[in-house]
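Novice: Structure for this input, please:
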Amino acid sequence: MATEFTFSIRTTPFDEDYSPAADSRATTNFANLARGDDRRRNLRGVLAMIDGRFNELAAAENPNRDRYHVELEIVSVDLHLTDGASGGTTPGFPLIEILDVTILDRATGERIKGISGNNFSSYVRDYDFSVRLPQHKAVEPGLPGDFGELHGKLFQHFLASDAYRERFALSPVICISVSTSRTYQRLGNRHPVLGVEYGHDADSLTDEYFGKMGLQVRYFMPDGSVAPLAFYHRGDLEGDYSDLALAGTIATMEAFQKIYRPEIYNANEPAGEVYRPTLENADYTVLDIAYDREERAQLGKTQGRFTDEHFITPYREVLDEWAATRPLALAGAEAGSRR
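Specialist: Below is the predicted model of the structure:
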């Protein structure tokens, strides 16, 4: 019998009392903010930013811009391998972490389900980009032929799992920064919450990597924002999610990006009709929230090596055998039709 891959989920509130668990990925935006002497001030600052931005986006019947409060949970996903012959199961390997959003309507007391995903962090992605890709490029240019395929199959297997389906009704939306290697062109489409849509000149490596996870990408700059965000999703981004749910994702991830990439998302000049984001921009405002980008980059390498040592190398034969039996459902062609 083949090895069975199953998942378990743990959740942790992301609030001003949050402290990263020992096995939490240290490179995640929320973990970085929650360390050091300024941790509580950092957390209060980013949570206030998220609430403030959400109330700007959800302005209807909200005259004081204080009707809603955004609650966040960190969703930690562990992968377990069960041997088909012996029935033995490995301890969970911490595969990915995402964020889940709930919106509290203070006027009615209603708790409104937001979108899962938002932030996305992955040990296997750290391995791919920090270990496997540099090793490959040291020998020959370009990408390994199957680059990102194991990660993509594991992610899609998680979305199809009982663990995901029992907790989340809709597919996730991952919201991150646009690529500094690509040029974006404003399109005619405008959404009441997502804002004005942008197309891109060509797929970035990140686009291709998320494509192997079955996620297509669209770019929108919400009203009040200064740069478009990249939304990786399955299905209909504009039709599958409520306006309030989309506002929760925008408010959350825009706040993180203003802290992590202020040169782009806290720039003093908004993106124009044609936009090429750059971290060399000097005309931006720095927020009073401590964030160590260099530490984050170095920890990505450390955690890539950890994944190689504790997951990829010891289970390589099992992983290769499992992946060979799994189809890779690439993102639909409609992602490219909007360029």
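Novice: From now on I want contacts and neighbour counts done on CA atoms only, so please keep to that.
Specialist: Fine.
Novice: Let's verify residue 70: helix, strand, or coil?
Specialist: Secondary structure assignment for residue 70 (DSSP: H, G, I helix; E, B strand; the rest coil): strand.
Novice: Any idea how many residues pack against it?
Specialist: Look at residue 70: counted by other C-alpha atoms under 10 Å, it has 24 neighbours.
Novice: Please apply the same query to residue 112.
Specialist: Residue 112, neighbours per other C-alpha under 10 Å, totals 14.
Novice: Begin at 34 from now on, thanks
Specialist: Let's use 34 as the start, then, which means that last one is residue 145.
Novice: residues in contact with it?
Specialist: By C-alpha atoms under 8 Å, 6 or more residues apart in numbering, the contact list for residue 145 reads 135, 136, 137, 138, 278.
Novice: Spatially, which two of those are the most separated?
Specialist: The distance between the two most remote of those (C-alpha to C-alpha) is 12.4 Å, for 138 and 278.
Novice: Which of the contacts of residue 145 ranks first by neighbour count?
Specialist: Most surrounded of these: other C-alpha under 10 Å gives residue 136, at 22 neighbours.
Novice: quick one, what contacts it?
Specialist: Contacts of residue 136 by C-alpha under 8 Å, 6+ apart are 101, 102, 103, 104, 144, 145, 146, 147, 278, 281.
Novice: repeat that with 6 Å
Specialist: Residue 136 makes contact with 102, 103, 144, 145 under the criterion C-alpha atoms under 6 Å, 6 or more residues apart in numbering.
Novice: Specify the beta-bridge partners of it.
Specialist: According to DSSP bridges, the partner residues bridging residue 136 are residue 103, residue 145.
Novice: ok, what's across the strand from residue 47?
Specialist: residue 105.
Novice: re earlier: just send the contacts of residue 136 back as TSV, with distance to residue 185 too.
Specialist: Below are the contacts of residue 136 laid out as TSV (distance: C-alpha to C-alpha, whole Å):
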residue	distance to residue 185
102	34
103	30
144	32
145	30
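Novice: Closest one of those residues to residue 152?
Specialist: Once C-alpha to C-alpha is applied, the member of the contacts of residue 136 that ends up nearest residue 152 is residue 103, at 14.9 Å.
Novice: and which of the contacts of residue 136 is nearest to residue 151?
Specialist: Nearest to residue 151 among the contacts of residue 136, with distances taken as C-alpha to C-alpha, is residue 103, at 13.2 Å.
Novice: Show the pLDDT at the closest one.
Specialist: pLDDT for residue 103: 98.
Novice: Residue 172 too?
Specialist: Looking at residue 172, the pLDDT reads 93.
Novice: For it, grab the count of nearby residues.
Specialist: 8.
Novice: likewise residue 216?
Specialist: Neighbours around residue 216, by other C-alpha under 10 Å: 16.
Novice: any idea how far it lies from residue 261?
Specialist: Using C-alpha to C-alpha, to the nearest Å, one gets 11 Å for the distance from residue 216 to residue 261.
Novice: same deal with residue 103?
Specialist: According to C-alpha to C-alpha, residue 103 and residue 261 sit 22 Å apart.
Novice: same check, this time on residue 320
Specialist: 19 Å.
Novice: Need phi/psi at residue 267.
Specialist: In terms of degrees, to the nearest 10, the main-chain angles of residue 267 are phi -120, psi 150.
Novice: now do residue 219
Specialist: phi -70, psi 140.
Novice: Show me where the stretch 234-372 of the chain has its helices.
Specialist: For the stretch 234-372 of the chain, the helices defined by DSSP state H, counting those that start in this stretch cover 238-244, 276-293, 295-298, 326-340, 349-357.
Novice: weakest of those by average pLDDT?
Specialist: When I compare the helices of the stretch 234-372 of the chain, helix 326-340 is least confident, with a mean of 77.
Novice: Can you tell me how far the spatially closest residue to residue 337 that is not a sequence neighbour is from residue 271?
Specialist: The shortest distance from residue 337 to any non-neighbouring residue, by C-alpha to C-alpha, 6 or more residues apart in numbering, is to residue 160 (3.8 Å). Going from residue 160 to residue 271 by C-alpha to C-alpha gives 33 Å.
Novice: With neighbour numbers in mind, choose between these two.
Specialist: Ranked by neighbour count (other C-alpha under 10 Å), residue 160 and residue 271 place residue 160 first, with 24 against 13.
Novice: Toward the C-terminus, what is the element adjacent to whichever strand or helix holds that one?
Specialist: Assignment of secondary structure by DSSP states H and E places residue 160 within helix 156-160. Later in the chain than helix 156-160, the nearest helix or strand by DSSP H and E is helix 166-170.
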